[in-house]
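Visitor: Fold the following and give me the result.
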Amino acid sequence: MEEIKLRDDFIKLGQALKAANLVDSGVMAKLVIQDGLVTVNGEVETRRGKKLTDGDVVSFEGETIIIKK
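Guide: Down below sits the predicted model:
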């Protein structure tokens, strides 16, 4: 499980996938999110700009990211 520390109040989903090195680019993040391959807190999320805050859990291809303040 990877942990991403927030510098601000939130991080966008696409940015979090890139920060955790789960995708190579913003375009790749957009595609996997639009295809319904990413979940946030157990729910499929299709919005790349979804704001993630402290305690959110993102899953993609068996990898998990937790967002921490």
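Visitor: Give me the longest helix you can find in the protein.
Guide: helix 26-34 (DSSP state H).
Visitor: so who does Lys51 touch?
Guide: Phe10, Ile11, Lys12, Leu13 (CB atoms under 8 Å, 6 or more residues apart in numbering). C-beta: built from backbone N, CA, C; applies to glycine.
Visitor: Check the gap between it and Asp9 for me.
Guide: Taking CB to CB, to the nearest Å as the measure, Lys51 falls 8 Å from Asp9.
Visitor: ok, which stretches of the chain are helices?
Guide: Using DSSP H, helices in the chain cover 13-19, 26-34.
Visitor: all strands of the protein, in order?
Guide: 2-5, 11-12, 38-40, 43-44, 51-52, 57-60, 63-68 (DSSP state E).
Visitor: and Lys18, how many residues sit next to it?
Guide: Residues within reach of Lys18, counting by other CB atoms under 10 Å, total 17.
Visitor: Looks like it contacts Lys30 (just checking).
Guide: No: contact between Lys18 and Lys30 fails when scored by CB atoms under 8 Å: they sit 10.6 Å apart.
Visitor: picking up where we left off before, tell me the one of the contacts of Lys51 nearest Ile66?
Guide: When the contacts of Lys51 are ranked by distance to Ile66 (CB to CB), Ile11 comes first, at 11.9 Å.
Visitor: now the closest one, nearest residue through space, not along the chain?
Guide: Leu52 (5.3 Å; CB to CB, 6 or more residues apart in numbering).
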